[in-house]
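Asker: just to be clear, the model below is a prediction. Sequence and coordinates:
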Amino acid sequence: MRLADFAITAVVVAGLSAPAMAQEGSAQAVQTNPPVTNQAPAAVNNNYNNNTGYESGQNWVASGFVGTNFGTGFTGTDSNPLGIDTANTNSSINFGGQIAYLWGGWAGVEALAEFSPSFQLADILFENNPTVNTYVGNGILAHHFGSRDQYMPYVSGGIGAMTVRSTIFLFSPTDLSDLTPIGTTSQNGSRFAWDIGAGTMGFSGRWGFRGDVRYYRATVNNSIDLTSLDTGSTFTNAVLSGLRFWKANVGVAYRW
């Protein structure tokens, strides 16, 4: 009887412990599976936020670029008192920089500075090609498109100054028919100007590219006295009066 009782007790204990062990194994399987399935979406989201696409917090953009000017001319018949011939004017290299802030990534302001160290202007008064620089403050409007909103076409325009620095030949102010130089002098001056342009930027993360085409024009001075070209203000006003040209640039951009 004792042996029979022992056998019956062992069978009952085995029957009760088998379901418990099955439930414990099932619970362990449920606990280990979810962490594996939840990792993939987190990696995708992290790649989108940090590596590509437009981020609303990155409102500042800075860029440096190089390019050329073309289409040089003067506004109206009275705005070129020196008779500078721009019919065969060659293009000139230029370079510059830009910094902008865009609210919400689509509207803002920018500061733009461009430098042309050897601006092509044909005139016998120049010892060498003058330096013509532009400094403007613009309003800017942008739009985003692309699978990650990584492309940003824009238009901008505003006002500022156009400057010239040059070395010119001096002639006798009493006899302008004699074109024999009596010396040289360095001249600097500036004139109120405005600009308008359009281009695009593209980014992969924080770094990208920038390219645009832009039109510049200086205001006209109608009170220039050509009998006093030996003075700096007279000459620079005559060179800048109504000066207009186009510029095309391409370079690198960074946003933060």
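Answerer: Okay, I see it. Numbers count the residues shown, from 1 in each chain.

Asker: Gly76 against Leu243, yeah?
Answerer: No - Gly76 sits out of contact with Leu243 when judged by C-beta atoms under 8 Å, with a separation of 11.5 Å. Yep, even glycine has a C-beta here, placed from its N, CA and C like the rest.

Asker: who's more crowded, the two?
Answerer: A direct count of neighbours by other C-beta atoms under 10 Å for Gly76 and Leu243 places Leu243 higher, at 26 against 10.

Asker: got the confidence number for the more buried one?
Answerer: Leu243 is assigned a pLDDT of 94 by the prediction.

Asker: quickly list what the closest residue to it other than its chain neighbours is bridged to.
Answerer: Closest residue to Leu243 apart from its sequence neighbours, by C-beta to C-beta, 6 or more residues apart in numbering: Ala218 at 4.7 Å. When bridges are assigned using DSSP bridges, the partners listed for Ala218 are Ala193.

Asker: give me the neighbour count for Ala218.
Answerer: Applying other C-beta under 10 Å, we find 27 residues neighbouring Ala218.

Asker: give the contact list for it.
Answerer: Taking C-beta atoms under 8 Å, 6 or more residues apart in numbering as the definition of contact, the neighbours of Ala218 are 162, 191-193, 240-244.

Asker: what do you get if the cut-off is 6 Å, keeping everything else the same?
Answerer: Under the criterion of C-beta atoms under 6 Å, 6 or more residues apart in numbering, the neighbours of Ala218 are 162, 191, 193, 240, 243.

Asker: surely Thr234 forms part of a helix?
Answerer: Yes - per DSSP: H, G, I helix; E, B strand; the rest coil, Thr234 lies within a helix segment.

Asker: now it: how far from Thr185?
Answerer: As for Thr234, its distance to Thr185 is 12 Å (criterion: C-beta to C-beta, to the nearest Å).

Asker: if we only consider the contacts of Ala218, which is nearest to Ala100?
Answerer: Ranking the contacts of Ala218 by separation from Ala100, with C-beta to C-beta as the measure, puts Ala193 on top at 19.3 Å.

Asker: go ahead and confirm that closest one touches Ile159.
Answerer: No - counting by C-beta atoms under 6 Å, Ala193 does not reach Ile159; the two are 7.3 Å apart.

Asker: who has more neighbours out of those two?
Answerer: For Ala193 versus Ile159, the count of surrounding residues by other C-beta under 10 Å is larger for Ala193: 21 against 11.

Asker: who's in contact with the more buried one?
Answerer: With contacts defined as C-beta under 6 Å, 6+ apart, Ala193 is in contact with 160-162, 216, 218.

Asker: show me those residues that map onto strands.
Answerer: Restricting these to those inside strands, with DSSP state E as the criterion, leaves 160-162, 216, 218.

Asker: for the stretch 1-150 of the chain, give me the ranges with low pLDDT.
Answerer: When the per-residue scores of the stretch 1-150 of the chain are filtered using pLDDT under 70, the ranges that remain are 1-56, 77, 88, 124.

Asker: can you rerun that using 80?
Answerer: Across the stretch 1-150 of the chain, residues meeting the criterion (pLDDT under 80) sit at 1-57, 76-78, 81-83, 85, 87-89, 122-125, 148-149.

Asker: among the contacts of Ala218, which one has the lowest pLDDT?
Answerer: Across the contacts of Ala218, the smallest pLDDT goes to Leu240, namely 90.

Asker: now it, nearest residue through space, not along the chain?
Answerer: In this structure, Leu240 finds its nearest non-sequential neighbour in Arg191, 3.9 Å apart by C-beta to C-beta, 6+ apart.

Asker: can you show me the CA trace of the helix or strand where the one you found lies as CSV?
Answerer: Element membership of Arg191, judged by DSSP states H and E, is strand 183-204. Backbone C-alpha positions of strand 183-204 (Å, rounded to 0.1, in the frame of the first residue of the first chain) are rendered in CSV as follows:
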residue,chain,number,x,y,z
GLY,A,183,50.7,111.1,-63.0
THR,A,184,48.4,108.6,-61.2
THR,A,185,46.2,108.6,-58.1
SER,A,186,44.2,106.0,-56.1
GLN,A,187,40.5,106.7,-55.9
ASN,A,188,37.8,105.2,-53.7
GLY,A,189,34.1,105.9,-53.6
SER,A,190,30.6,104.4,-53.1
ARG,A,191,27.1,104.8,-54.4
PHE,A,192,23.6,103.7,-53.3
ALA,A,193,22.6,100.5,-55.1
TRP,A,194,19.9,97.8,-55.1
ASP,A,195,19.8,94.1,-56.1
ILE,A,196,17.4,91.3,-56.9
GLY,A,197,18.1,87.6,-57.5
ALA,A,198,16.9,84.0,-57.3
GLY,A,199,18.6,80.7,-56.6
THR,A,200,18.4,77.4,-54.7
MET,A,201,20.1,75.7,-51.8
GLY,A,202,20.2,72.0,-51.1
PHE,A,203,21.3,70.2,-47.9
SER,A,204,22.3,66.7,-46.6
